[in-house]
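In: have a look; sequence and predicted model below, questions after that.
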Amino acid sequence: MTHHPPRALIAWSTGKDSAWALHEVRRTGEVEVVGLLTTVSAAHQRVAMHAVRVDVLRAQADAVGLPLTIVEIPSPCSDEQYAAAMAAAMADARAAGITHVVFGDLFLADVRAYRERQLAQVGMTAVFPLWGKDTAALAAEMLAAGVEAWITCVDPRAAPRELAGREVDAALLASLPAGVDPCGERGEPHTFVAAGPMLARRVPVVPGEIVERDGFVFADLTLAPA
């Protein structure tokens, strides 16, 4: 009898940590990822926090080769509203025989505990393939593997605002101030992955306008005209 790994969704932010988490579980075969799950602000039609346009998200999901489930949330969104939206999505997943959710979290124990608690309430299991990895080494590993990531959102209280709209490369990592995590684990910068081993082809994005909104600096990525 062949053993089938449990079916999983991946919490997909469009950024490098979730992309690398997908790469990692595909490599180990610990779970079979059957879909991407992304929260999108209903009002702005952009990925929550990463502010990536939905058409760019869809192009990325297409390159990943997995179906995309969008969970729309209000903006601003209370914890209760978020939990309710996610619980509904999880109920659908359970009905489809999906039992696990993969996250790209690295070291924030309170975030991990929150995710585990929320999933346990709906009978799901959280998987953290990158947990505890050295973030500087991880960032270098991603670049070496050909990950092309663009910074879409910066918290100017935590990282230089000039990072918005820049591609993550070795020089950028080397220039980060001491308090900024190389993988942006505390949300200092958020990213969008345009290429890498988890994508079948590059997503043709072009960095555009940079705006400041709600205390964050956002860089708008659009798809290059075909």
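Out: Yes, it's here. Numbering: from 1, shown residues only.
In: can you give me the domain assignment for the protein?
Out: 7-127, 135-223 (automatic domain parsing).
In: make JSON lines out of those and add mean neighbour count and mean pLDDT.
Out: In short, each C-beta sits where N, CA and C put it, glycine included. Formatted as JSON lines, the domains of the chain follow (neighbours: other CB atoms under 10 Å; pLDDT from 0 to 100):
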{"stretch": "domain 7-127", "mean neighbour count": "18", "mean pLDDT": "84"}
{"stretch": "domain 135-223", "mean neighbour count": "18", "mean pLDDT": "85"}
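In: and the helices in this protein?
Out: 16-28, 54-64, 79-95, 109-121, 135-144, 170-175 (DSSP state H).
In: which one, of the ones you listed, ends up nearest to V205?
Out: V205 sits nearest to helix 54-64 of all those, at 6.2 Å, using CB to CB.
In: restricting to C-alpha, output the closest one in CSV.
Out: What follows is helix 54-64, C-alpha atoms only, in CSV (Å, rounded to 0.1, in the frame of the first residue of the first chain):
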residue,chain,number,x,y,z
VAL,A,54,-4.5,40.5,-7.3
ASP,A,55,-3.6,40.1,-11.0
VAL,A,56,0.1,39.8,-10.0
LEU,A,57,-0.8,37.3,-7.3
ARG,A,58,-2.7,35.2,-9.9
ALA,A,59,0.2,35.3,-12.3
GLN,A,60,2.5,34.1,-9.6
ALA,A,61,0.1,31.3,-8.5
ASP,A,62,0.0,30.3,-12.2
ALA,A,63,3.8,30.1,-12.3
VAL,A,64,3.8,28.0,-9.0
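In: quick one on the thing from earlier: any chance of the helices of the chain in JSON lines, plus distance to G208?
Out: Converted to JSON lines, the helices of the chain look like this (distance: least, CB to CB, whole Å):
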{"stretch": "helix 16-28", "distance to G208": "20"}
{"stretch": "helix 54-64", "distance to G208": "11"}
{"stretch": "helix 79-95", "distance to G208": "29"}
{"stretch": "helix 109-121", "distance to G208": "30"}
{"stretch": "helix 135-144", "distance to G208": "23"}
{"stretch": "helix 170-175", "distance to G208": "19"}
